[in-house]
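Peer 1: the following comprises the amino acid sequence and a computationally predicted model.
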Amino acid sequence: MKALRVLAVISMFALVFCSLCGRASATPSTQVLCSETSLGRGQWEYDLTFCNTSNPAADAGFDLYDVYVSISPSAGLSTVLSGTNWAAISDSSTFIEWVSTIPGEAPAGSDIAPGSSFGGFSFISDSLLGPLTFSATIGNPDDPGNPVIFSGTVTSSAAPEPSSILLVMSSLIVLAFFARPEMRPCRSV
């Protein structure tokens, strides 16, 4: 029984260690979070937050400065809003691209530094949209002429990350194991 407990503790530490190491050695990456609100009369508002999920220490200087969101199937878009010091370009039906207008990290610039996020990006659609995809451009401090391009799917801001779910579930299993009363043979008197 003790061997199982020791194995459970070692497994938990290994899972936490691997999770942390994976983040520390990660390459520059981004995430776009979205909340969707019905405005009635066939109108939907999409509020976006851009996250530079790069590691602040290992990926210093890899600033997010351009996000292209693809709309498919095409929809009528109106009222495209940008965060402070960001500009929006759109064809009103298939894409919106937001670009930082002041290079560099805040407070001097409007690029999004590693480990930071920035909201205030939104648009209104005349229909409920399916999954949105995005392509984000991150500066490369070692080679400014060759930025890093990261693509992904826009995620609901209410959905937790899969790695977080795995970590929480494994922690609960270990806690449940330790909370279980020990079974000892009954002694007769």
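Peer 2: Nice, thanks for sending it over. Numbering: from 1, shown residues only.

Peer 1: what values do phi and psi take at residue 130?
Peer 2: With angles defined as degrees, to the nearest 10, residue 130 sits at phi -80, psi -160.

Peer 1: surely it meets residue 71?
Peer 2: No - using C-beta atoms under 8 Å, residue 130 makes no contact with residue 71, being 9.5 Å away. (Each C-beta comes from the backbone N, C-alpha and C, glycine too.)

Peer 1: the two: which is more packed in?
Peer 2: Neighbours per residue (other C-beta atoms under 10 Å) separate residue 130 from residue 71, with residue 71 holding more: 23 against 9.

Peer 1: state the distance from residue 50 to residue 32.
Peer 2: As judged by C-beta to C-beta, to the nearest Å, residue 50 and residue 32 stand 6 Å apart.

Peer 1: can you check residue 107 too?
Peer 2: Taken as C-beta to C-beta, the span from residue 107 to residue 32 is 23 Å.

Peer 1: the more surrounded of these two?
Peer 2: Per other C-beta under 10 Å, whichever of residue 107 and residue 32 has more neighbours is residue 32, with 23 against 6.

Peer 1: quick one: low-confidence ranges for this structure?
Peer 2: 1-26, 157-189 (pLDDT under 70).

Peer 1: could you pull out the strands for it?
Peer 2: Listed in chain order, the strands of the chain (DSSP state E) span 30-40, 43-52, 64-70, 77-81, 86-90, 95-100, 117-125, 133-138, 148-153, 155-156.

Peer 1: can I get those strands in JSON lines with distance to residue 58?
Peer 2: Listed next are the strands of the chain as JSON lines, based on distance: least, C-beta to C-beta, whole Å:
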{"stretch": "strand 30-40", "distance to residue 58": "15"}
{"stretch": "strand 43-52", "distance to residue 58": "13"}
{"stretch": "strand 64-70", "distance to residue 58": "16"}
{"stretch": "strand 77-81", "distance to residue 58": "33"}
{"stretch": "strand 86-90", "distance to residue 58": "26"}
{"stretch": "strand 95-100", "distance to residue 58": "22"}
{"stretch": "strand 117-125", "distance to residue 58": "18"}
{"stretch": "strand 133-138", "distance to residue 58": "13"}
{"stretch": "strand 148-153", "distance to residue 58": "13"}
{"stretch": "strand 155-156", "distance to residue 58": "23"}
